[in-house]
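K.L.:
Attaching a predicted model along with its sequence, questions to come.
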Amino acid sequence: MEGFDWASISASLPFLMKGLSYTVQLTVVAAIGGTLWGILLALARLSGIAPLAWAAAAYVNLMRSVPLLLVIFWFYFLVPVILQSITGAAYPPKIGPDRSAYVTFILFEGAYFCEIVRAGIQSIPKGQLGAAYAIGLNYAQAMRLIILPQALRNMLPVLLTQTIVLFQDVSLVALLNVTDLVGAAVKIAQRDSRLVEMYTLVAVVYFVLSYALSLAVKALNRRIAIIR
């Protein structure tokens, strides 16, 4: 640690905080968007409409079978080419790294959130859905008013745990030259030749935040656990 430059860390904190802000923002947007998309996919998978259930299952299995990094690159590099061929434009449209990151993470995480939501819905006794039909509710009303609120309680800790994984996965957007926490650290490390200091700091930040969030999830799980 004799050559460890603590001053470089303090001098770089404003830029690193900007990168951390982007990481948190992308995590929150992707978690909310992925959850909403996951709910739609879960409802489609559980529906009695065979083509819809098959399409949702195929989408989920595809997304869960390929690396996130590949999906990021695929969307960023190939989707503009596909759109160009469809629209007949002279040049591929510029999606941009930021838009690619948001869309990719929502679409990718939606597959994982789908399985969490589906398991939460299936944890509710089927008799409750029959009771909802008995009092005159249709399928959509039963899901919105009775099934989903109860399922949310069961799946909330798992959703939050997946969000912690998402928070760590956001670091992959640095490969698109996006200034998230890792991207900011990479730029500072290359500029000042302080790789050890920057990467150590990023590792500490990820550990502290992820561990603190995991403890919060455990506390929440104990608080909302249903005693059976």
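P.N.:
Received the coordinates, thanks.
K.L.:
give me every residue that touches Thr161.
P.N.:
By C-beta atoms under 8 Å, 6 or more residues apart in numbering, the residues touching Thr161 are 214, 217. Using the backbone N, CA and C atoms, a C-beta is placed for each residue, glycine as well.
K.L.:
any idea of the mean pLDDT in the helix or strand containing it?
P.N.:
In this assignment (DSSP states H and E), Thr161 forms part of helix 148-169. Across helix 148-169, pLDDT averages out at 88.
K.L.:
Give me the contact list for the lowest-mean-pLDDT helix or strand in the chain.
P.N.:
When the helices and strands of the chain are compared on mean pLDDT, DSSP states H and E, helix 139-142 comes out lowest with a mean of 81. Contacts with helix 139-142, where a contact means C-beta under 8 Å, 6+ apart, come from 129, 132-133.
K.L.:
For Trp37, grab the count of nearby residues.
P.N.:
20 (other C-beta atoms under 10 Å).
K.L.:
Going by neighbour count, which residues in the helix holding Thr161 are buried?
P.N.:
148, 150-151, 154-164, 166-167, 169 (16 or more other C-beta atoms under 10 Å).
K.L.:
what about dumping the CA coordinates of whatever helix or strand comes next after it to CSV?
P.N.:
Next along the chain after helix 148-169, taking DSSP H and E as the criterion, comes helix 181-192. The C-alpha trace of helix 181-192 is given here as CSV (Å, rounded to 0.1, in the frame of the first residue of the first chain):
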residue,chain,number,x,y,z
LEU,A,181,-19.6,4.1,-11.8
VAL,A,182,-17.3,1.6,-13.5
GLY,A,183,-17.1,3.8,-16.6
ALA,A,184,-16.1,6.8,-14.6
ALA,A,185,-13.5,4.8,-12.7
VAL,A,186,-12.1,3.5,-16.0
LYS,A,187,-11.7,7.0,-17.5
ILE,A,188,-10.0,8.3,-14.4
ALA,A,189,-7.7,5.3,-14.2
GLN,A,190,-6.6,5.7,-17.8
ARG,A,191,-6.2,9.4,-17.4
ASP,A,192,-4.2,9.4,-14.2
